[in-house]
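Enquirer: Here is a sequence with its predicted model. Questions after.
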Amino acid sequence: MRAGVIRRAIHDTVPVMTGYVVLGMGFGILLSTKGYGAMWALFTGLAIYSGTMQFVCVDMFTAGTGLLSCAGTALMVSARHIFYGVSMSERWKDIHGLRKAYMIYALTDETYSLVCESDDEDYCFWVSLLDQSYWVAGGVTGSLLGEILPFDSRGIDFALTALFVSICVEQWMNSENHYLAMTGLAASVLCLAVFGADGFLIPAMIAITVTLFILRGKIDV
């Protein structure tokens, strides 16, 4: 039975693997060009496990950003993951111990899209574990390749931006209304004009969160 669950998890996570390995390699290569080796790719993949935040961390490492600023940025960049965990709390209420803690921790966008449709604890666990292993393997591989082969790293840090742009375009095309997208765009542009390119991210995230909280129940998504 467990072997069957693992086979199903592997089958369902193949699309995630293709994306995670490629993006992870891009992150690893970028990390190596900044002077950080494979151990850093391994550590960040295990401890941070957030593609967006890991790409942001590369510049933070090189700039010597303070711990408080790093923590605040991480909270705002990955705030959506809080809601993933909350939404699964009732479904996973009978799961206890380290397995539950790990499954909540590992709820990335892609993992959540798979486990939110299943009530099988073993399946959810293996999907979570496999997805993280893909990401870590990609990051470490990219870092090792970056140390061995010469790479022009220009544009690599745009890979994750391109991914989210493609997701946004797809969501826009498949949605009947665009209130949420326009809210995010308006808040980002306003905060960019007020705070500048180096300081707009956290205010924009706060503005989006507050606006959606105020308008909750009034917007039909």
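Expert: Structure's in. What do you need? Residues are numbered from 1 along each chain as shown.
Enquirer: after the helix or strand bottoming out on mean pLDDT in the chain, next one along is what?
Expert: Within the chain, no helix or strand scores below helix 159-174, which has a mean of 69 by mean pLDDT, DSSP states H and E. Scanning forward in sequence from helix 159-174, with DSSP states H and E defining helices and strands, the next element found is helix 179-195.
Enquirer: what's the helix or strand just after that next one in contact with?
Expert: Scanning forward in sequence from helix 179-195 by DSSP H and E, the next helix or strand is helix 201-214. With C-beta atoms under 8 Å, 6 or more residues apart in numbering as the contact definition, helix 201-214 has outside contacts at 72-73, 76-77, 79, 180, 183-184, 187-188, 190-192, 194-195, 219. Where you see a C-beta, it was placed from the backbone N, CA and C, and this is true even at glycine.
Enquirer: rerun that using 10 Å as the cut-off
Expert: 56, 69, 72-73, 75-77, 79-80, 179-180, 183-192, 194-195, 200, 219 (C-beta atoms under 10 Å, 6 or more residues apart in numbering).
Enquirer: just the angle between it and helix 179-195, please?
Expert: On the basis of axes from the mean of the first three to the mean of the last three C-alpha atoms, to 10 degrees, helix 201-214 is oriented at 140 degrees to helix 179-195.
Enquirer: Phi, psi for residue 106 please.
Expert: The phi/psi pair for residue 106 (degrees, to the nearest 10) reads phi -90, psi 10.
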